[in-house]
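Colleague: got a predicted model here, sequence first, then my questions.
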Amino acid sequence: MFEKVKTKKVYMKIVEQIRDLIREGKLKPGDKLPPENNLAAEFGASRPSVREALSALEILGVIESRGGKGNFISDSLGSPFYKQRFEELEEEESPSELLEARESLETEIAELAAKKATKEDIDVLQNSLNKLKSATNISEFMEFDWKFHVSIAKAAHNKLLLSMMIYLADGLKETLWTNLKKKSLNIPGHTQRRLKEHTEIFNAIKNKDSKGAHEKMYSHLIDVGKDFFGG
């Protein structure tokens, strides 16, 4: 008789509002949504929440992003997959929260790895970095990217931190994160930037520069956040 009580994520509340406006006929296929800053002001939400909502709407097929021109209503609320996809998105981790957690956890992991990494760990990291450099497409790049970060956690030689990192890494395979990541990496020059940042992190760990490893990891994750959410 009763349903489980859920705390609705902010971006899913935005998705529901836009869905309801389409159902009421106040938004129609072909209509252009206001710019992100305007949406943030109208919803009283942060820009990351708006960006997450737009990503979710794109995955659901409700909007279409036309590079540089904006986001347009395409409306597939009648799709047989809509309800299932909506429910799946509700269960996913928030990309902005994932990023916040990574900034706290991975900076400490990188610092610890710089102190504790063995020669074997450095060889594994070097091999992981080489695979990242040789990736032939975005999907490969993303796979080797998260494997590189997990390898750093293994090099920190702390089972609890590794367990937490593996949990976070699972979130990096979810559709919301993947959609935002692909958009970021498809921008010219962005894969090269990520490679440079990963190389700097690796060099700091290899040289046992714990402070540098912490700083390089933090700088890398802040840059990822800027690409995902602007600002």
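Modeller: It's in. Residues are numbered from 1 along each chain as shown.
Colleague: buried residues, the top helix by length along the chain. List them.
Modeller: When every helix of the chain is counted residue by residue (DSSP state H), the longest turns out to be helix 95-116. Neighbour counts over helix 95-116 (16 or more other C-beta atoms under 10 Å) mark 95-96, 98-99, 101-103, 105-107, 109-114 as buried. The C-beta positions use only the backbone N, C-alpha and C, and glycine is treated the same way.
Colleague: tell me which of the residues you listed is nearest to residue 230?
Modeller: residue 96 (11.7 Å; C-beta to C-beta).
Colleague: what's the neighbour count on the residue lying closest to that closest one once chain neighbours are set aside?
Modeller: Ranked by C-beta to C-beta, 6 or more residues apart in numbering and with sequence neighbours excluded, the top spatial neighbour of residue 96 is residue 48, at 4.0 Å. Around residue 48 there are 23 other residues, counting by other C-beta atoms under 10 Å.
Colleague: average pLDDT across the longest helix of the chain?
Modeller: Helix 95-116 comes out with an average pLDDT of 97.
Colleague: so after it, what's the next helix or strand?
Modeller: Proceeding N to C from helix 95-116, the next assigned helix or strand is helix 119-133, under DSSP states H and E.
Colleague: what's the domain layout of the protein?
Modeller: Domain assignment for the chain by automatic domain parsing gives 10-91, 95-229.
Colleague: off-centre distance for the first one?
Modeller: With C-alpha atoms, centre = their mean, to the nearest Å as the basis, domain 10-91 stands 18 Å off its chain's centre.
Colleague: could you tell me the angle between the longest helix of the chain and helix 119-133?
Modeller: Calculated by axes from the mean of the first three to the mean of the last three C-alpha atoms, to 10 degrees, helix 95-116 forms an angle of 140 degrees with helix 119-133.
Colleague: low-confidence ranges, the protein, go.
Modeller: For the chain, applying pLDDT under 70 flags the ranges 1-7, 75-79, 231.
Colleague: ok, the residue positioned nearest the centre of it - contacts?
Modeller: Note on the chain: the residue nearest the mean C-alpha position is residue 177, at 3.5 Å, using C-alpha atoms, centre = their mean. When contacts are counted by C-beta atoms under 8 Å, 6 or more residues apart in numbering, residue 177 is found next to 92-93, 95, 98, 171.
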